[in-house]
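Visitor: Structure for the following, please:
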Amino acid sequence: MGFAIIKGIVSSDIASSAEIFAFDPDCSKIEGLREFGVTPCGSEQELVNACKYVFLAVKPQIFGLVLEKIADMVTPLHVLVSIAAGITAEYIASKTVDDAKVVLAMPNTPLLLGQGASAISRNAMTGDEEFEVVCNIFGSCGITAILPENKMKEIIAVNASSPAFIYLFAKGFIEYAQEQGIDEISAKRLFSQTLIGSAKMLTDTGFTADELIKQVSSPGGTTLAGLEELYNGNLTGVVKNACEACTRRAYELSK
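Guide: Modelled structure (predicted):
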């Protein structure tokens with residue numbers, strides 16, 4: 001995800017006025033970023049000393065350890081940007097400086113293709129201009145939505161974890177096609193374009209999901225026959241259960 005963010009920066013107007021530094025315990029990963037104009041750092045501390053905006057692209061499970069390493073270098077002038085699930089601005093401030101400027105972002109993997117969807121929030125210490133810089137960075141590789149901090153755990157299921165759920169959904173259609181003797185490449189192309197087109201119908205037509213379902217469903221037709229099975233299997237209920245499980249785990253990670 002850190003690479004996706006860097007890729008977004010270097011392909012946008014931000015790149016002309018930005019210096020990018022990066023650190024990873026795996027030196028080979030950093031060396032590979034030189035071609036993008038990224039300056040490798042030898043430690044977390046060196047990076048924090050070099051940057052105002054510090055993107056903490058690390059897993060929640062090691063987040064506390066990373067904060068301990070940089071705590072002495074963090075000042076109220078820094079803007080700390082976290083993309084870790086469940087981590088709160090309050091927690092980051094408690095491990096660094098009391099008046100830390102913190103932005104919480106929940107992006108997703110389509111950032112790698114410039115098609116990301118990132119939810120973003122900030123704490124009271126973060127100024128408008130500073131927040132705008134971070135929003136522009138995530139906006140350079142997709143769309144953004146600004147949310148209150150107390151919804152940053154709940155949104156994870158909607159945009160950050162949901163790609164995995166969609167891929168599993170897609171797998172069912174592709175496997176069905178293969179079972180019927182249809183080649184995987186054709187099935188994947190057709191279903192993937194259907195996902196893209198259906199998403200555009202949701203975002204661009206102004207119709208609700210229920211209205212769009214009705215448009216596809218002819219009385220006594222094939223779609224209604226399939227929908228009946230999905231309703232009987234309580235598809236929307238299963239989706240909500242998956243979302244609730246994501247949110248519960250996010251709260252567990254925040255403790």
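
Visitor: Check what pLDDT residue 16 gets.
Guide: At residue 16, the pLDDT value in this model is 64.

Visitor: Can you name the residues that contact residue 202?
Guide: If you count contacts by Cβ atoms under 8 Å, 6 or more residues apart in numbering, residue 202 has them with 209, 212. For every residue, glycine as well, the C-beta is placed using N, CA and C.

Visitor: Could you give the backbone dihedrals for the residue nearest the centre of the chain?
Guide: When Cα atoms, centre = their mean is applied to the chain, the residue found nearest the centroid is residue 107 (1.7 Å). When read as degrees, to the nearest 10, the backbone of residue 107 gives phi -90, psi -180.

Visitor: so what's it up against?
Guide: Counted by Cβ under 8 Å, 6+ apart, residue 107 has contacts 1, 4-5, 83, 116-118, 138, 142, 160.

Visitor: I figured residue 6 hits residue 38, correct?
Guide: Yes: in terms of Cβ atoms under 8 Å, residue 6 counts as a neighbour of residue 38; the distance is 6.2 Å.

Visitor: joint contacts of the two?
Guide: When contacts are counted by Cβ under 8 Å, 6+ apart, residue 6 and residue 38 are jointly contacted by 20, 22.

Visitor: Any chance of TSV for the contacts of residue 107, columns neighbour count?
Guide: Listed next are the contacts of residue 107 as TSV, based on neighbours: other Cβ atoms under 10 Å:
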residue	neighbour count
1	18
4	22
5	25
83	25
116	24
117	20
118	27
138	27
142	20
160	23
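
Visitor: Check which helix or strand residue 200 maps to.
Guide: Taking DSSP states H and E as the definition, one finds residue 200 inside helix 184-204.
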